[in-house]
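Asker: Sequence plus predicted model, see below.
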Amino acid sequence: MAKENCLIVHAAGRQLDLLRGEASRIAKQNTVDWWSDRAETGTRFCFADAKSKEAFAITCDNFGISWRDG
């Protein structure tokens, strides 16, 4: 999958667990694959399509968690 559908979030602990749950829910709702892995700074969340990535970015904003494209 291409990196254009990835976000790097700056979260740890319970916030990161919360984001993993939200990523799973968004991917399931849109019937797409997703994964997360370590980035240089933060955690990279990637989705199979741009729609899911955008939904995840909005979720991060709603929780007050900083992110950037990655």
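Answerer: Structure's in. What do you need? Bear in mind that the values here come from a model prediction, so they are computed numbers and not experimental data.

Asker: element containing T59?
Answerer: helix 50-63 (DSSP states H and E).

Asker: what comes up buried for that helix?
Answerer: S52, K53, A55, F56, A57, T59, C60 (16 or more other Cβ atoms under 10 Å). Placement of C-beta: from N, CA and C, glycine included.

Asker: Report the contact partners of K53.
Answerer: N5, C6, L7, C46, F47 (Cβ atoms under 8 Å, 6 or more residues apart in numbering).

Asker: Over to V32?
Answerer: Counted by Cβ under 8 Å, 6+ apart, V32 has contacts F47, A48, D49, S52.

Asker: count of neighbours near L19?
Answerer: Residues lying near L19 (other Cβ atoms under 10 Å) number 22.

Asker: isn't it right next to H10, touching?
Answerer: No - L19 is not in contact with H10 according to Cβ atoms under 8 Å; the separation is 10.6 Å.

Asker: Residues that sit against both of those two, list them.
Answerer: Going by Cβ under 8 Å, 6+ apart, residues that sit against L19 and also against H10 are I65.

Asker: give me every residue that touches L18.
Answerer: F63.

Asker: pLDDT on the strand or helix carrying F45, on average?
Answerer: If you go by DSSP H and E, F45 is part of strand 43-47. Regarding strand 43-47, the rounded mean pLDDT is 96.

Asker: could you give the angle of it to helix 50-63?
Answerer: Interaxial angle, strand 43-47 versus helix 50-63 (axes from the mean of the first three to the mean of the last three Cα atoms, to 10 degrees): 140 degrees.

Asker: Appreciated, that's everything.
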